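> coords below, sequence missing:
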């Protein structure tokens, strides 16, 4: 009897040790994912700065080229007229209408035009120099952007490997995802969906599950420029319930805070979205996504990848990701959790 009891204890200890090792392995993998995502986001910020600078250079080049063409036409007209005047023989000038008086006036005009033409020529030379410098700067920035995109592609390839490892070590959430998808299909509004998730029977996650995941340091879900802030008027004139962030195509989207993924997929009027439950009754909604890489029921930490936007780097148009923080089902200012927003 005692031997059987000891055997059961040893089996329980072995099971606990295996669970602890599995948890450690998941935590280590999440750490690698967060670091890989951080490197990619830093490169994305650098690339966006380069592209913005290149856009300003292209505008400058267009303005310089326009000014160059206008000055060249003006100088060509002036030089043609002066050349024609200078080639007129003195004898011909004396017998032309106006006679010696007109010839004297022409000579005075030629003499007076020389300083002005010299000044124009110097300005024209400066314009040419500025134009060449701008063209060289564009070529240099284009080369830098090309190298940076190549580095980003390599980093994304390494991230794909880590995401595959995460998928291989993450428990299956297929049943939970089906139940959540049913709740999303029946919900008419986002508030309805959140309420359904909180009271969704088997689809409901225990509060203790959420409490076990650290929030981490809050951060924007994507690198970019905030075009519309919480409380500002959006393009439709309505007061915004969240943040609209302009970013590059192919950008990586991460969890703004640690928590449990409550829903991942399409939802009415929002496109593809991810909803994350945080401690204290908070939820994050991230919308405008393409390739979602997390599943409902999955525990994630702050900065962990959750989606990737359209990866066609040749697309010229910027993308917009929408982020909304909710408390008790209602939108609140994201600065409650993202301190860097002020």
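Structure's in. What do you need? All values reported here derive from a predicted model rather than from experimental measurement.

> any stretches of this structure with poor pLDDT?
1-23, 74-124, 169-173, 200-209, 212, 311-316, 342 (pLDDT under 70).

> center of it - which residue?
residue 247 (2.2 Å; Cα atoms, centre = their mean).

> and residue 286, what element?
strand 282-289 (DSSP states H and E).

> which strands and helices sit next to that strand?
strand 259-267, strand 271-277, strand 305-308, strand 319-327 (3 or more Cβ pairs under 8 Å, 6 or more residues apart in numbering; DSSP states H and E). All C-beta spots, glycine's among them, are computed from the backbone N, C-alpha and C.

> now these in CSV, with distance to residue 229 and mean neighbour count?
Putting the helices and strands packed on strand 282-289 into CSV (distance: least, Cβ to Cβ, whole Å; neighbours: other Cβ atoms under 10 Å) gives the following:
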stretch, distance to residue 229, mean neighbour count
strand 259-267, 23, 23
strand 271-277, 20, 22
strand 305-308, 22, 22
strand 319-327, 11, 20
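
> of all those, which one comes closest to residue 59?
strand 319-327 (22.1 Å; Cβ to Cβ).

> paired strands for the closest one, with orientation please.
Its sheet considered, strand 319-327 pairs with strand 243-247 (antiparallel), strand 282-289 (antiparallel), strand 330-332 (antiparallel) by DSSP bridges.

> how far does that strand sit from its chain's centre?
14 Å (Cα atoms, centre = their mean, to the nearest Å).

> what's it in contact with?
Where contact means Cβ atoms under 8 Å, 6 or more residues apart in numbering, the residues beyond strand 319-327 that reach it are 194, 220-222, 224, 227, 241-249, 251, 253, 256, 270, 280-289, 309-310, 331-334, 336-338.

> report how many residues lie close to residue 249.
16 (other Cβ atoms under 10 Å).

> list the buried residues for the strand holding residue 286?
Within strand 282-289, the residues that qualify as buried are 282-289, counting by 16 or more other Cβ atoms under 10 Å.

> turn these into a markdown table, including distance to residue 274.
A markdown table is the format used below for the buried residues of strand 282-289 (distance: Cβ to Cβ, whole Å):
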| residue | distance to residue 274 |
| --- | --- |
| 282 | 14 |
| 283 | 11 |
| 284 | 8 |
| 285 | 8 |
| 286 | 5 |
| 287 | 8 |
| 288 | 11 |
| 289 | 7 |
